[in-house]
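Student: Sequence and predicted model, in that order:
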Amino acid sequence: MDKTYLTIALPKGRIAEQAMQYMEKLGIYDVVKSSSRKLIFTDDVIKVRYMFVKAVDVVTYVDEGVADLGVVGRDNILEEGAEIYELLDLGFGKCKFSIAGFEGTDLYSKDKILRVATKYPNVARKFFDSRNQPIDIIKLSGSVELGPLVGLSDVIVDIVETGGTLKANGLMVLEDITDVSAKLIANPAAYRYKRKRIKEITAMLQERVEKSYD
Ligand code: PRP
């Protein structure tokens, strides 16, 4: 095995547990679980360094080349619009980007500027631009469902997984934008210079993904 160190950025939070289970095969899971506040783990045997970062920052670490690889939701990739390579669909973290609001809310009207609350301003802007619908973005960091409830926005653009949060707040999906799932991404330069090692890791994960479909 080529022994160049590889650095992999893994997300903390929502998709962390599943991401870690995928990394189990690379021998990391138990080590990390026993010390959950530590942010960098190095495995000197297989020469892999793992960095734990906020999910929204994974793309930045990979784009800047601080991490060679990263595990991240397609939602964050679309929002960041960075020049990274998508190597593998990991098959978990499945959800949708949707527009949601109260039943009967009109999304399209040339005379009206639709107010959209979201954690994903770039995704929202791009989608409504493609529909020629003028919008005002209200950028929030979480609990965006509050937007329509308190009259801050007409609708939200957000990820919907079970639909439970929308339902609990009397809201519904008005239109789907696109599917989202977890991806293995690579920094383009690292992909060139550490190709052999990246291919080894990708092959191990690919095998893991295929097994989960059995
Ligand atoms: C996400 C998303 C929705 C919710 C959707 O929020 O922004 O609020 O999950 O999931 P559901 O369809 O299964 O209910 P997250 O839990 O990441 O927290 P946040 O609102 O603080 O961003």
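Tutor: Nice, I can see it.

Student: average pLDDT across the helix or strand encompassing Ala203?
Tutor: Using DSSP states H and E, Ala203 maps to helix 195-213. Helix 195-213 shows a mean pLDDT of 80.

Student: Contacts for it next, please.
Tutor: 1-2, 4, 6, 8, 22, 25-26, 47-48, 68-69, 87-92, 184, 186, 190-191 (Cβ atoms under 8 Å, 6 or more residues apart in numbering). For the C-beta atoms, the positions are set from N, CA and C on the backbone; glycine is no exception.

Student: for it, the distance to its chain's centre please.
Tutor: Between the centre of helix 195-213 and the centre of its chain there are 19 Å (Cα atoms, centre = their mean, to the nearest Å).

Student: How about stretch 10-22?
Tutor: With Cα atoms, centre = their mean, you get 11 Å for stretch 10-22.

Student: residues in the chain within reach of the ligand, list them.
Tutor: Remark: the part of the chain in contact with the ligand comprises Arg14, Gly142, Ser143, Glu145, Asp158, Ile159, Val160, Glu161, Thr162, Gly163, Gly164, Thr165, using Cβ under 6 Å from any ligand atom.

Student: How is the second one assigned, secondary-structure-wise?
Tutor: This points to Gly142. coil (DSSP: H, G, I helix; E, B strand; the rest coil).

Student: what's the first-to-last distance across stretch 162-171?
Tutor: By Cα to Cα, to the nearest Å, the extent of stretch 162-171 from end to end equals 13 Å.

Student: what about that stretch, average pLDDT?
Tutor: 97.

Student: which residues touch that stretch?
Tutor: Contacts of stretch 162-171 (Cβ under 8 Å, 6+ apart): Ala100, Gly101, Phe102, Glu145, Leu146, Pro148, Leu149, Ile156, Val160, Met172, Val173.

Student: ok, 6 Å please
Tutor: Ala100, Gly101, Glu145 (Cβ atoms under 6 Å, 6 or more residues apart in numbering).

Student: who wins for neighbours among those residues?
Tutor: Greatest neighbour count in the contacts of stretch 162-171, by other Cβ atoms under 10 Å, goes to Gly101: 26 neighbours.

Student: Next, count neighbours for the nearest residue to Ile113 once chain neighbours are set aside.
Tutor: Leaving out its chain neighbours, the residue that sits closest to Ile113 by Cβ to Cβ, 6 or more residues apart in numbering is Pro134, at 4.7 Å. Residues lying near Pro134 (other Cβ under 10 Å) number 13.

Student: now Lys112
Tutor: The burial count for Lys112: 13, using other Cβ under 10 Å.

Student: what does Ala124 give?
Tutor: As a burial measure, Ala124 scores 26 neighbours (other Cβ under 10 Å).
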